[in-house]
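Participant: Here is a sequence with its predicted model. Questions after.
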Amino acid sequence: MHQAWNAWGYVVIAAVLALPAAALVALLLAHVRSRRGHPAPRRTAVADVAVVAGTAPWIWMILTPGTLQLVHLVPLVDLADQITLMSPGAAFVQIAGNLLVFSALGAMLPVRSARFASLRAVAAVAAAASLTVEVLQYVLRLGRVSSVDDVILNAAGAVLAALVTRRWWARR
């Protein structure tokens with residue numbers, strides 16, 4: 001865990017310091033949408049800002065150059081290697097981190113728009129976003145591991161987060 005903090009602590013600190021600005025942006029966005037007659041100005045403003053604020057730090061971490069350029073295209077092999085070859089703490093950080101990457105997106109997308117008010121839609125959007133990030137890691141030659149298992153975990157995390165917020169969007 002100490003190694004993870006040394007590698008990514010600055011991202012966490014920057015994300016926490018950005019929260020007051022994010023709250024202000026949500027308030028201003030809600031105000032503008034309200035004046036324009038938007039049907040749900042506060043809910044959509046909070047959802048939009050939460051998606052950006054909750055996803056941007058993870059994307060920052062993912063697109064930071066590393067030292068190991070690999071591609072894993074066979075599902076669950078990379079995940080099995082993480083579980084069996086890494087220390088339990090490192091495996092936990094890696095798996096939990098992948099589950100959290102698009103969790104804000106999964107939690108807020110159905111709250112934001114009825115078009116995405118299904119777990120299937122959330123999974124599709126999160127998988128597409130995750131695939132885009134994995135392809136960018138490879139194409140930009142960032143020295144990162146591009147893995148189909150990351151796409152699976154990212155989409156699963158978004159779906160789990162959508163389940164957490166389901167009571168806010170399922171009734172619409």
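Facilitator: Received, thanks.
Participant: What are the buried residues along the host helix or strand of residue 135?
Facilitator: Following DSSP states H and E, one finds residue 135 within helix 119-139. Of all the residues in helix 119-139, those buried under the rule 16 or more other CB atoms under 10 Å are 119, 122, 123, 125, 126, 127, 129, 130, 131, 133, 134, 137. C-beta coordinates here come from the backbone N, C-alpha and C atoms, glycine included.
Participant: was I right about the third one contacting residue 158?
Facilitator: Yes. Between residue 123 and residue 158 there is a contact at 6.7 Å, judged by CB atoms under 8 Å.
Participant: What is the burial count for residue 144?
Facilitator: Residues contacting residue 144 under the criterion other CB atoms under 10 Å number 24.
Participant: Distance-wise, check it relative to residue 108.
Facilitator: Distance from residue 144 to residue 108, counting by CB to CB, to the nearest Å: 26 Å.
Participant: in the one helix or strand residue 61 maps to, what counts as buried?
Facilitator: Applying DSSP H and E as the criterion places residue 61 in helix 41-62. Residues of helix 41-62 classed as buried under the neighbour-count rule (16+ other CB under 10 Å) are 41, 43-59, 61-62.
Participant: if we can go back for a sec, out of the buried residues of helix 119-139, which one sits closest to residue 154?
Facilitator: residue 130 (3.7 Å; CB to CB).
Participant: need the contact list for the closest one.
Facilitator: Taking CB atoms under 8 Å, 6 or more residues apart in numbering as the contact definition, residue 130 lies against 101, 102, 150, 151, 154, 155.
Participant: got a pLDDT number for it?
Facilitator: According to the prediction, residue 130 has pLDDT 98.
Participant: Show me the residue sitting in the middle of the protein in space.
Facilitator: Against the mean C-alpha coordinate of the chain, by CA atoms, centre = their mean, the closest residue is residue 102 at 2.0 Å.
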